[in-house]
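> Just a sequence and a predicted model for now, questions to come.
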Amino acid sequence: MSTSADPKKLRPATNLVHGGILRSQFGETSEAMFLTQGFVYQNMESAEARFKGEDPSGFIYARFGNPTVAMFEARMALLEGAEAARATASGMAAVTAAMFGQLKAGDHVVAAKALFGSCRYVIEELLPRFGVPSTLVDGTDLGQWRAAMRPNTKVLFLESPTNPQLEIIDIAAVADIAHKGGATLVVDNVFATPLLQSPLKLGADCVVYSATKHIDGQGRTLGGCILASEAFIQANVHNFLRQTGPALSPFNAWVMLKGLETLPVRLMAQQANAVKIADFLAGHKNVERVLYPTRADHPQHALAMKQMSGGGNVIAFDIKGGKEGAFRFGNALSIVKISNNLGDAKSLLTHPATTTHQRIGPVARAESGIGDGMVRLSCGLEDVVDLLDDVEAGLKAVG
Ligand SMILES: Cc1ncc(COP(=O)(O)O)c(C=O)c1O
């Protein structure tokens, strides 16, 4: 590739290998890991210029920016088609900063009920403590979003597909409701990944990721990212991160950069496994219901086909026999590991009711369609024949 190729004209897989590289004077092939807290200045004047913001390409302190972290941010921005990106220490740091950075006491937030447990904690418990009440709605019901809007509603928040029940929420329609009410829409795009769904193109104002999941993809480091227009980042995110300090470490940024290089290959292989496993599950007598976005029997199948280019690597399914059935299934697996994580090269099984969604209690779980028999399977990179054998053995143990 010519070093002068315009990255905006290149396809994602190319930018995921080359995008955002800052090469040092040594011309290293792989991205360098700059393990440094600070930077030295050539003279007093250049220190002054950097602090005045007159030398935006120069780094000051790793809480504000670091070359390895900057490479990760640039590559993420290219992938998402966003003007600006800011890396964070974890996905939850990204969610928290994207919300708190925009809000002040007296504002109001509307969010879909079906949220990852920690996101729900931030919106349902933490924000109200700071004078920002929130209303939770059924995200698939646009009437509920409209009805929840108040004159002081400032931010709408959703995940789609949702964790763990894989509900699909109409991002373009919710963005429209937000904008008509003078609010912004923040989308947690973890389950879809930037390769399968582009919330900014659908009208969202801000996208957040747990890079811990598919972007690392091999279960090593925590990380997160916030993507939006330059104006949004400057107004809401830049200073919040700089002063409060949830910075991504350069080591973790380097791991994420290497993860991004292989993201398309990994994700497509994992998705191919998920499609085959979902079909197998749907025909099994010990499975009551299978949820996978691109299957024709998914409740929001048409919407999934409209706003996503693939179903991703996660399947949710209800096992006969409630919690007992789900536990028997999980305990009989040998290749698929029991974990609360997802997006890994290793296939991982989660029982949301007793782990990730235990805190919200049985009423909220029932409202969100998370039964005691529901399990979430994040399909990995193993041979699908071995995975199918493992799942079949697990289902046999259900009885
Ligand atoms: C949908 C969703 N959002 C946010 C997060 C939080 O990410 P992290 O664990 O990197 O803080 C997770 C993690 O499990 C998630 O599944």
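Nice, I can see it. Residues are numbered from 1 along each chain as shown.

> Skipping adjacent residues, who's closest to Val190 in space?
Nearest non-adjacent residue to Val190, counting by CB to CB, 6 or more residues apart in numbering: Ser210, 5.0 Å away. Any C-beta I mention is one placed from the backbone N, CA and C, and that applies to glycine too.

> Contacts only, for that neighbour.
Ser210 makes contact with Ser90, Gly91, Met92, Ala94, Asp188, Val190, Gly223, Gly224, according to CB atoms under 8 Å, 6 or more residues apart in numbering.

> Distance of it relative to the ligand?
3 Å (CB to the nearest ligand atom, to the nearest Å).

> Asn341 too?
7 Å.

> Ala32 too?
From Ala32 over to the ligand (counting by CB to the nearest ligand atom), the distance is 24 Å.

> which residues sit in contact with that residue?
Taking CB under 8 Å, 6+ apart, we find Ala32 in contact with Leu22, Arg23, Ser24, Phe26, Pro67, Thr68.

> quick revisit: of the contacts of Ser210, which belong to strands?
Asp188, Gly224 (DSSP state E).

> list the contacts for the closest residue to Ala364 other than its chain neighbours?
In this structure, Ala364 finds its nearest non-sequential neighbour in Lys113, 7.3 Å apart by CB to CB, 6+ apart. With contact taken as CB under 8 Å, 6+ apart, Lys113 is in contact with Arg120, Leu136, Val137, Asp138, Gly139, Ala364, Glu367, Ser368.

> List the contacts of the first one.
Neighbour list for Arg120: Ala111, Lys113, Leu136, Ile360 [criterion: CB under 8 Å, 6+ apart].

> Can you report phi and psi for the second one?
The one in question is Lys113. The phi/psi pair for Lys113 (degrees, to the nearest 10) reads phi -60, psi -40.

> residues from this structure in reach of the ligand?
Within the chain, the positions adjacent to the ligand are 90-92, 95, 116, 118-119, 159, 163, 188, 190, 210, 212, 222, 224 by CB under 6 Å from any ligand atom.

> Out of the residues you listed, which comes closest to Glu288?
Distance to Glu288 across the residues of the chain next to the ligand (CB to CB) is lowest for Asn163, with 19.9 Å.

> what are the ranges of the helices in the stretch 201-350 of the chain?
Taking DSSP state H, counting those that start in this stretch as the criterion, the stretch 201-350 of the chain contains helices spanning 230-232, 238-244, 250-282, 301-307, 322-331.

> Report how many residues lie close to Gly369.
20 (other CB atoms under 10 Å).

> Likewise for Leu377?
28.

> My read is that it contacts Ile277, right?
Yes: using CB atoms under 8 Å, Leu377 is in contact with Ile277, at 6.9 Å.

> what do these two both touch?
Between them, Leu377 and Ile277 share the contacting residues Ile315, Val391, judged by CB under 8 Å, 6+ apart.

> Return the per-residue confidence for Gly20.
pLDDT recorded at Gly20 is 96.

> Could you look up the SS state of it?
Taking DSSP: H, G, I helix; E, B strand; the rest coil as the rule, one finds Gly20 in the coil state.

> domains for the chain, by residue range?
Taking automatic domain parsing as the reference, the chain has its domains at 7-258, 264-398.

> and the last one, how far out from the chain's middle?
It stands for domain 264-398. 18 Å (CA atoms, centre = their mean, to the nearest Å).

> Quick check: end-to-end length of that domain?
35 Å (CA to CA, to the nearest Å).

> Equivalent analysis for stretch 209-225, please.
Per CA to CA, the first residue of stretch 209-225 is 5 Å away from its last.

> Distance from it to the middle of the chain?
Worked out by CA atoms, centre = their mean, stretch 209-225 lies 9 Å from the chain centre.

> what does stretch 45-64 give?
Counting by CA atoms, centre = their mean, stretch 45-64 comes out at 31 Å from the chain centroid.

> For the residue of the chain found nearest the ligand, which non-adjacent residue is spatially closest?
At 2.4 Å from the ligand, Gly91 is the closest residue in the chain, using CB to the nearest ligand atom. Spatially, and ignoring its direct neighbours in sequence, Gly91 is nearest to Ser210 (2.4 Å; CB to CB, 6+ apart).

> How much space separates the one you found from Gly139?
Separation of Ser210 from Gly139 (CB to CB, to the nearest Å) stands at 19 Å.

> ok so, going back, where neighbours are concerned, which of the contacts of Ser210 has the most?
Ala94 (31 neighbours).

> Report the contact partners of that residue.
Thr88, Val208, Tyr209, Ser210, Gly224, Cys225, Ile226.

> give me that answer again for 7 Å
Contact partners of Ala94, counting by CB atoms under 7 Å, 6 or more residues apart in numbering, are Thr88, Val208, Tyr209, Gly224, Cys225, Ile226.

> Next one: it relative to Thr212, how far apart?
10 Å.

> what's the answer for Leu79, then?
Counting by CB to CB - Leu79 and Thr212 are separated by 16 Å.

> With Gln42 instead?
Taken as CB to CB, the span from Gln42 to Thr212 is 38 Å.

> who's more crowded, these two?
Thr212 (25 against 8).
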